[in-house]
Structures are given as structure tokens and as C-alpha cells.
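Student: Just to be clear, the model below is a prediction. Sequence and coordinates:
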Amino acid sequence: MTTCPECGHQEKSGALFCSECGRFLLDERLKPQAKPNAPPTFNRAGSQFDTGKHPNLHTKEFKYRPPFAENLPPPPPNLVGLELGPEVEVQPIIFIVPNSGRRIRLELRDEITIGRSDPASSTLPALDLARDNGAQLGVSRSHALIQKVDRGVTIMDLGSTNGTYLNNYRLPPDLPYALRSGDEVRFSHLLVHIFFG
Amino acid sequence: MEKALNITIQATTNKLGALHASQLVYLLVSIQPPAEFQQTRTSLNICLVIDRSTSMREERLDQVKAAAALILEKLTPSDTLSVISFSDRAEVVVPNSPVTNRTLLMARVQSIQASGGTEIYQGLAMGMQELAKYLGKQGISHLVLLTDGHTYGDAGQCIELAQRAASRSIGISALGIGTEWNDQFLDALVAPSGGQSAYIDDPNRILDLLQERIKGLGAAYAHNLRILPHFPDNVNVISAFKTAPFAQPLSLTSKGINIGALEGGHTLAILLEVNIPPSSAGETLVLPLGIVADIPQFHLQNQEFTTQFMLNIVSGHPLAEPPNDLVEAVQVLNLYRMSEKAWQEIETGHLDKATKRMERLTTRLFEAGYHQLAQNARQETELLEKQGTISLEGRKKLKYGTRALITPKNMPLEE
């Protein structure tokens, strides 16, 4: 048997992917490459996927708009504790950066700093967005902070130049807001999907 | 005759570690006509079975008629065509006959009016009767069902009929229009013959799909293909999935796996998930595989071609380095299955599980770079959280979208 390192599901030896959570189970080096430029191959039978609506999705000019943010009311100034669930067993946090196709998994012990590393200064945030074109997209060196609190997880903008947006709502600096699995957070122009593992 | 079909097998590994537990091996079986093969056109015996229930009125039916007209253009006097329409009963619009007078045939098709319910069995049964008139005299017999609705109370009968059709070498393809139809039913309907089911979100696509099917079948080099795994005891095929020329789940039967036709210019590829029983080091497992086919130009019927795959059982944990194509095919199959599981969980009321699975599916789709599908999955996850279900459209987009990803990107596109 092979145990999925991400969700603990047991698979038969020889399985390539976890049938429960989809994780690749062999050596990471053999993992299929993300296809950020996957063409809309779907003009053959059975394949009706219309990517035509987003012609610039994979080009640099494309300004990402969260797909359904416009349907959501802006979140209330959601202070810590207000809408958090009962004691959350803190799980690993998974960040997905569609821009680069990068997927990062970090353990949340106390806090995770987010920003971009800069050789000129000594900043080295735990989640370094320099590798995702962060500098060009306006990510500050020290941009935001994710913290574990008693009853959940919060995110706070650290007074960044271009702002932190939670589900398209710009967070005022230095105030923690509740963060939930599935939230979309935009650091300046760089969109990141956040899931609790 | 071993040159009449080229068969290659790729596997995740050819060395397995000896284990006390069973293990999985994936095989990708690719079948091609011989390189020197001259493409000839096979004559066709086609039946279009058209849903004319009330919901088909106006645009949908007009598009189906327009598609039928263009199909007529593609057929030659050596082909035969019949057209059936059905609502809660079925009528023969065009009796099966050689395609000689196109104007007359088209006038009859134009006369179809929409009204009534949807009872697919009536239409299929009448379609079979018409196809039977030229069965065996023509190269390939195929029924194409076009529907936009659920069938009422006769789904079981339809599947039985599809099984009988497969045993008589009649293929079935099913094109679902709009979002109301039952995808599991259409999958089950086409599975016995290895045909195709597809989702048409835009009526304009009816023509493309129909044309493609007719063209592919007309250019078929071999048909009624079947895989016969002559595996040793305890080695079982767990699932089979057609990955080219179109993606389609296949059904396993005691008579093998029907995989449809080998269309001209295309590779026919099948992904097999195989369970290997506990085995000890030093053993060599021989996995013989038979491919049965009818190849008209060599006057071969039910001819079996055999090949085999060898799997060495060794001690320790040999590192598997599966070929990329295979890993990608398995990855997408896994994504497809995740979306199917989420749907089953919704249907059985396990919404928490379904939501979690949809979140994971979203993650994996993003990770694999399928952004458009990932966005759809996200939207559906939101809807699931808010309303406790996903949209019919979203479900079909995910299902047929992930399924379509399996089809190799380098497949030749004609015209």
C-alpha cells in the first residue's frame, strides 16, 4: 500500500495519483508539468470547453479578475473571533498561484509572512512571491501576514504599497481578518488561492 | 497477417517489487493501421434517431435538421441512410435506403415537427429495425442518437437494446444537447459498442460532431474492435478508458472490452488499469492481450491479433519511471473520476464530502494548469456551498471538459 502524504488515503502500490485528493504519488521529479499555456485543444468531439472567452488568460497582459468576486458582497470588517468556527485544528496551508502555476504548501505554526525576497535587503518571507513575478506585479517586500489565532486563521495587510485584497475586498492595513479555506487573496496584482490542507 | 494492425503497449513500469499485497499497473494500448495502408472509404449504413420532443422546438430542431442536411451531402450513393424521429412514439421519417435522391430525403427531414415527451427506447428500436435492412451488406452500421432530455421509464430497455446492437456489430453514438439529459444514461448506452457520447452546449456544434463521427467511421480501417485480456488468474483489468481519438469510459464484459472502430488517420488508444496479485521475486508475469477486429480490405472478420506484455517481479522497490504520456493520461483520468465522485456524493446527500472534493479538484486542476476548468470547478464549489448542489451545466462542463483533456494534444486534426 502507498499512503498519500497529503490526505492519508491508502492506495494500492503502483497507483500514480491519490484517488481521494488527486496528489501525485511518485517522485516529484516525474510529476507532469503544469500546462499554463495549455491550448484550447477542445475542438474535437466530446470536448466542448470554451476557452474563447478568456483569450488573454495565459498572457502577461491579462489582468486577473477573480471569477465570481463580483457576485459577492464585500466582506464585513470581519474582526477576529467574530465569524470563526470552533477551535480549528490547524492544517497545512496550500497556496496556489495561477500566474506561475506554483503550488506551495506551508505549515502554519504561529505565522506565515508573505512578500517577495530582495537581494538588496535581507527580507526573506516564508511565502516568497518573487518567484511568481511578484516584483513586476507590485508585491511589497513585506506584504501580508497569516496568523494562527485561538479560533482560526487570520490575514493582515502589513501596510503594503499596493494593498491586499481578500475576495476582492481591499483590507485596511494592520487589521487581522478571518481567512477561510477557498479564499482568494490578491497581493497587489498577484492572485493566490488559499486552501487549508 | 501480423502486419494488418500495429499494436504497441506502454506501461507504468515493467519491473514490480515483490509484495504481499496486490498492486496496480497502467497499460496504454495503442492501435494503428499499418503505415503503408491506403486509406479507402468504407460504405456506411447510418441511422439518425432524432428527438422531436417539445423541448427541441425551434433552434435545436432547426440545427439538427441543418446538421442532417450536411450529413446527407457527405454520404454517397453507396451509403444507406435512415432517419427516425421520436417523442413518446417513434416514426420512420426516411426508410433505410441508398442515398440517391438527396432533395427528397431532405424534404422529409424538414417535415419533422416538435411535440410530445421523450421516450428514447421507441426511437432506438425503430432505428435498429431500419439498420437491420442493410446490416452486413454495408461496411459499418451506426446509429446516432440526438436528444435533449431524460427518457422516462425505459432506460433499462434502452441499455439492453444497446447490448444487443453491439453483439450485432451496430455502433451507437449519443449526442446530448443542452443540459437536461442524463449523462450516465448516455454513457451506458454507448459503452457496449465503444461509441461516443458527447455534450453539446451550443446547437451549432451538432454539425461538427456529427460530421466528425460520420467522417471517422467512413474512413475506418477496422471496426468492431475488442480487447481480450488473456491474463493469468488473479490479474484483472479494473477499468478501461478510451483516450483517443475521443475520450470515453468503456465497459468491461465477459466477452472482452468493446472499443469501437479504428478510424482512418487516427490512433486508437486505450488506458487499462490492471490489478496484479501478490507475487514473489523472480517471477515473470506474461500478460497476453488479444485485439479482435474486422478489417474489410483484408476480408478479415473477427480476426484476433495477439501481443503480450512482460512484467518482471523483482526484490526491493524498483523505481518506476513511467512515460509522460501515460502519467498525463492517468492524471486526467483521476481528475475526471474526482468530479464523478463529487457528483455521486452530491446525489447521495454527502455535501460536506462533495464540497471538500470539489475544493481539491479545483486545486489539482489549477496545479495541472487547466485554468479554465479550475475556474469552473471553483464556481461550482461556491454554488455547492451556497445552494447544496452544482449546476447541471457545470456538471457537464466539468465531466466532458476533464474527459476531453485526456485526448492527446498531438492528435492529427483533419481539415
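Tutor: Received the coordinates, thanks.

Student: alpha carbons only for contacts and neighbour counts from here, please
Tutor: Fine.

Student: tell me the phi and psi of the residue nearest to residue B:237 when sequence neighbours are not counted?
Tutor: Counting by C-alpha to C-alpha, 6 or more residues apart in numbering or on different chains, residue B:237 lies nearest to residue B:274, which is 4.4 Å off, once chain neighbours are set aside. Main-chain torsions, residue B:274, degrees, to the nearest 10: phi -120, psi 130.

Student: Just grab the bridge partners of residue B:274 for me.
Tutor: Here residue B:274 shows beta-bridge partners residue B:25, residue B:237, assigned using DSSP bridges.

Student: Now do it, the pLDDT please.
Tutor: Looking at residue B:274, its pLDDT reads 95.

Student: can you pull the contacts of it?
Tutor: Counting by C-alpha atoms under 8 Å, 6 or more residues apart in numbering or on different chains, residue B:274 touches B:24-27, B:235-239.

Student: who wins for most neighbours among the residues you listed?
Tutor: Among the contacts of residue B:274, residue B:26 has the most neighbours (other C-alpha atoms under 10 Å in any protein chain shown), with 25 neighbours.

Student: Report the contact partners of it.
Tutor: B:11-12, B:271-274, B:326.

Student: Of these, select the buried ones using a ChimeraX command.
Tutor: In ChimeraX, this line selects whichever of those come out buried by 16 or more other C-alpha atoms under 10 Å in any protein chain shown:
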select /B:11,12,271,272,273,274,326
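
Student: So which of the contacts of residue B:26 are in helices?
Tutor: Using DSSP state H, the subset of those located in helices is residue B:326.

Student: farthest-separated two in the contacts of residue B:26?
Tutor: Using C-alpha to C-alpha, these span at most 13.8 Å, a distance reached by B:274 and B:326.

Student: Could you list the low-pLDDT ranges of the chain?
Tutor: Answering for chain A, as no chain was given. Applying pLDDT under 70 to chain A flags residues A:28-29, A:33-91.

Student: nope, chain B please
Tutor: Ranges of chain B meeting pLDDT under 70: B:1-2, B:37-39, B:137-138, B:203-204, B:265, B:406-415.

Student: Go ahead and confirm residue A:109 touches residue A:148.
Tutor: Yes: the pair residue A:109 / residue A:148 is scored as a contact, 7.0 Å apart, by C-alpha atoms under 8 Å.

Student: which of these two has more neighbours?
Tutor: residue A:148 (17 against 11).

Student: Identify the residues contacting the more buried one.
Tutor: A:90, A:108-111, A:154.

Student: mind redoing it with 6 Å?
Tutor: residue A:110 (C-alpha atoms under 6 Å, 6 or more residues apart in numbering or on different chains).

Student: any idea which helix or strand carries it?
Tutor: strand A:142-149 (DSSP states H and E).

Student: Heading C-terminal from that strand, find the next helix or strand.
Tutor: Assigned by DSSP H and E, the successor of strand A:142-149 is strand A:152-157.

Student: List, one by one, the residues from the stretch 1-150 of chain B near chain A.
Tutor: B:23-25 (C-alpha under 6 Å from any C-alpha of the partner chain).

Student: tell me the domain ranges of chain A?
Tutor: A:1-28, A:85-196 (automatic domain parsing).

Student: Just put the ones you listed in TSV and tack on distance to residue B:355.
Tutor: Output for those, formatted as TSV (distance: least, C-alpha to C-alpha, whole Å):
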stretch	distance to residue B:355
domain A:1-28	12
domain A:85-196	11
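
Student: what's the closest of these to residue B:254?
Tutor: Nearest of the domains of chain A (C-alpha to C-alpha): domain A:1-28, 24.7 Å.

Student: list the buried ones in the closest one?
Tutor: Across domain A:1-28, burial judged by 16+ other C-alpha under 10 Å covers A:2, A:4, A:6, A:11-26.

Student: same question, stretch B:323-339
Tutor: B:326-339.

Student: Stretch A:170-185 too?
Tutor: So for stretch A:170-185, counting by 16+ other C-alpha under 10 Å, buried means A:170-172, A:175-180, A:182-185.
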